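Enquirer: fold the following.
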Amino acid sequence: MMVNLKPMVAGNMMDMFQRLNPVQGGMGMQLMKKMGWKPGEGLGKGQTGVLEPLTLDVKTDRRGLLAQGEKQGKKSGPVPVIKDTTGKDLSGKHPVSALMEICNKRKWMPPEFVLVHDSGPDHKKNFLFKVRINSEEYQPTIASPNKKHAKAQAATVALQAMGLIPKDAPVPNN
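Expert: Modelled structure (predicted):
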């Protein structure tokens with residue numbers, strides 16, 4: 001049985017799955033009958049297993065899955081408050097994204113991230129980036145274990161130098 005899910009909306013999809021008739025045939029049914037199972041009997045040695053099929057829970061939101069007891073929230077530490085001169089709050093944005101957005105709003109050229117050096121063995125390199133904005137360069141003092149974090153550090157140093165985030169703001173790990 002083929003069900004076309006494309007034209008359905010999320011609310012109707014849940015109703016559709018609850019109204020479906022139980023499966024009357026198919027490979028699974030044939031295998032179960034071949035092993036001695038009869039419709040209406042329970043599963044297992046004493047035939048005391050579940051009689052009803054498992055119900056389908058359709059996820060309608062776009063959030064990720066959470067295990068029971070797991071708290072929903074961000075992995076990284078506190079996010080620095082970034083305020084642009086236009087007053088727009090850029091909190092929660094990755095420093096590189098925030099820096100790109102600020103340069104765009106101020107009609108500057110996009111920031112240019114330049115690899116200053118990479119050191120260490122291949123399996124454990126450290127990277128140091130600098131960012132160039134309007135012919136000014138901003139460079140952190142500490143190298144990072146991956147390129148993404150090194151770029152975020154450089155962007156954070158630039159945002160701190162511009163006075164848009166506090167000097168003690170943490171750099172996100174993601």
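
Enquirer: burial of Ile102, as a residue count?
Expert: A count of neighbours around Ile102, defined by other C-beta atoms under 10 Å, yields 24. Placement of C-beta: from N, CA and C, glycine included.

Enquirer: now Val116
Expert: Neighbour number of Val116 under other C-beta under 10 Å is 14.

Enquirer: the helix or strand containing it: partners in the sheet, and parallel or antiparallel?
Expert: Element membership for Val116 (DSSP states H and E) is strand 112-119. Here strand 112-119 has these sheet partners by DSSP bridges: strand 126-133 (antiparallel).

Enquirer: give me the contact list for the helix or strand just after the strand it pairs with.
Expert: Next helix or strand after strand 126-133 toward the C-terminus (DSSP H and E): strand 136-138. Residues from elsewhere that reach strand 136-138 (C-beta atoms under 8 Å, 6 or more residues apart in numbering): 130-131, 154, 157-158, 161.

Enquirer: tell me what the nearest residue to Pro145 once chain neighbours are set aside is bridged to.
Expert: Leaving aside its sequence neighbours, Pro145 sits nearest to Asn126 (C-beta to C-beta, 6 or more residues apart in numbering; 6.2 Å). Asn126 has these beta-bridge partners by DSSP bridges: Ser119.

Enquirer: Asn126 contacts Pro140, doesn't it?
Expert: No: proximity of Asn126 to Pro140 does not meet the contact threshold set by C-beta atoms under 8 Å, at 11.7 Å.

Enquirer: tell me where the model's unsure across this structure.
Expert: 1-20, 22-23, 53-58, 62, 67-90, 169-174 (pLDDT under 70).

Enquirer: remind me, longest helix of it?
Expert: helix 147-161 (DSSP state H).

Enquirer: can you give me phi and psi for Ser144?
Expert: The phi and psi values for Ser144, taken as degrees, to the nearest 10, are phi -120, psi 160.

Enquirer: just the helices in the chain please.
Expert: Going by DSSP H, the chain shows helices at 10-19, 27-34, 95-105, 147-161.

Enquirer: and Ala155, how many neighbours?
Expert: Going by other C-beta under 10 Å, the residues that sit close to Ala155 add up to 27.

Enquirer: show me what contacts Ala158?
Expert: 99, 111, 131, 133, 138.

Enquirer: so how far is Ile165 from the first one?
Expert: Counting by C-beta to C-beta, to the nearest Å, the gap from Leu99 to Ile165 is 10 Å.

Enquirer: what is in contact with the two at once?
Expert: Going by C-beta under 8 Å, 6+ apart, residues that sit against Leu99 and also against Ile165 are Leu159.
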